[in-house]
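Colleague: A predicted structure for the sequence below; I have some questions about it.
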Amino acid sequence: METADTRVLIYEDNPDLRLSLSHLLGGTPGLELVGALGNCQQVETDIPRLKPDVVLMDIDMPGINGIEGLKRIKANSPKVSVVMLTVFEDNDRVFQAVCAGADGYLLKKTPPAKLLDAIGEVRAGGAPMTPAIARQVLRLFPKPVAPRQQEDSPANLSAREQEILGLLVEGYSYKMIAHDRGISLDTVRSHIKKIYEKLHVRSMTEAVSKALRQGLT
C-alpha cells in the first residue's frame, strides 16, 4: 500500500522566495504543493480548503503575521504541522512561536536539503530547529532554583526518557538521537510518545518549552 504524499502549503510574502520554495517542493517526490500564498489573511478558510499536512509559515507578513496565522491554524486545525520560517534569530519571535505551538522553526537560509528533511521530520512527529534557533530557545527560559519541588513537575520520567528529553532540548533530531544513543528510530519514537504522555504535551516544542521552564533536563 502506497503512502500518500505529504501536502504542503506555503505562506511567504517574498515573491522570489515563494517561487523558489514552490519549485523545490513541487519537484520533490513524496510532496504535493497545495498552495503558495503571499499572506495568511484567509488562513481560516485556506486550511480546510487546501487540506495541508504541513504549513511553511513566514513569520513576518503584512496584515496578519505568521505568529497570528499559527495561532489560528492551531485553534482550528491542531493536527496541521506548522514550521516557522524567519530571516533573523529573534528572541521575542522565537518565544512567541514556541508558546503558540509551532512544530518547527527554521532560518530562511536553511539549505534546500535540510528544509526537505525538516518536512519529513515534522511529519514523523519531530520538531525541526536549526542549531542557532535551538540555542535561542535554550536562552529563553531561566533555570528554576529548585525544579524538583514544583507541584506541576511531571512524575516518573525514566532515566532514558530524561536523556532523550535533554537531547530534544539541545536541538537533536530523531535520527540524531537514535545515532547518539545507539537505538532504533522506532525506539526513539516510542520513548518520545511516552514523554509526551507524561508531560501532557502534544508536540516537541511544547515538550522542550515545559522541560526548560521546569528544569527537567
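Modeller: Thanks, I have the structure now. Numbering: from 1, shown residues only.
Colleague: what pLDDT does K71 get?
Modeller: For K71, the model assigns a pLDDT of 94.
Colleague: what about it, how many neighbours?
Modeller: 19 (other C-beta atoms under 10 Å). Backbone N, C-alpha and C define where each C-beta goes, glycine included.
Colleague: same check, this time on L24
Modeller: Using other C-beta under 10 Å, L24 is surrounded by 16 other residues.
Colleague: Give the full set of residues in contact with it.
Modeller: Remark: with contacts taken as C-beta atoms under 8 Å, 6 or more residues apart in numbering, L24 is in contact with 112, 115-116.
Colleague: ok, and the most crowded of the residues you listed?
Modeller: L115 (20 neighbours).
Colleague: Show the contacting residues for it.
Modeller: Each residue near L115 by C-beta under 8 Å, 6+ apart is listed here: 21, 24, 106.
Colleague: mind listing which of the residues you listed are in strands?
Modeller: Among the contacts of L115, the residues falling in strands (DSSP state E) are L106.
Colleague: Nearest to E170, out of the contacts of L115: which one, please.
Modeller: Checking those against E170 by C-beta to C-beta gives L106 as the nearest, at 16.6 Å.
Colleague: From what I see, that closest one and A134 are in contact.
Modeller: No: look at L106 against A134 with C-beta atoms under 8 Å: they stay out of range, at 10.8 Å.
Colleague: Which elements pack onto the top helix by length along the chain?
Modeller: Across the chain, the helix with the greatest residue count (assigned by DSSP state H) is helix 185-199. If contacts are counted by 3 or more C-beta pairs under 8 Å, 6 or more residues apart in numbering; DSSP states H and E, helix 185-199 sits against helix 159-169, helix 174-181, helix 204-214.
Colleague: now with 6 Å?
Modeller: Here helix 185-199 touches helix 159-169, helix 174-181, going by 3 or more C-beta pairs under 6 Å, 6 or more residues apart in numbering; DSSP states H and E.
Colleague: hey, C-alpha coordinates of it in CSV?
Modeller: Taking C-alpha atoms only, helix 185-199 is exported to CSV below (Å, rounded to 0.1, in the frame of the first residue of the first chain):
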residue,chain,number,x,y,z
LEU,A,185,14.3,5.3,15.2
ASP,A,186,11.2,3.4,16.3
THR,A,187,12.6,3.1,19.8
VAL,A,188,13.2,6.9,19.9
ARG,A,189,9.6,7.5,18.7
SER,A,190,8.3,5.1,21.4
HIS,A,191,10.2,7.0,24.2
ILE,A,192,9.1,10.4,22.9
LYS,A,193,5.5,9.2,22.8
LYS,A,194,5.8,8.3,26.5
ILE,A,195,7.5,11.6,27.3
TYR,A,196,4.5,13.5,25.6
GLU,A,197,2.1,11.4,27.7
LYS,A,198,3.9,12.1,31.0
LEU,A,199,4.4,15.8,30.3
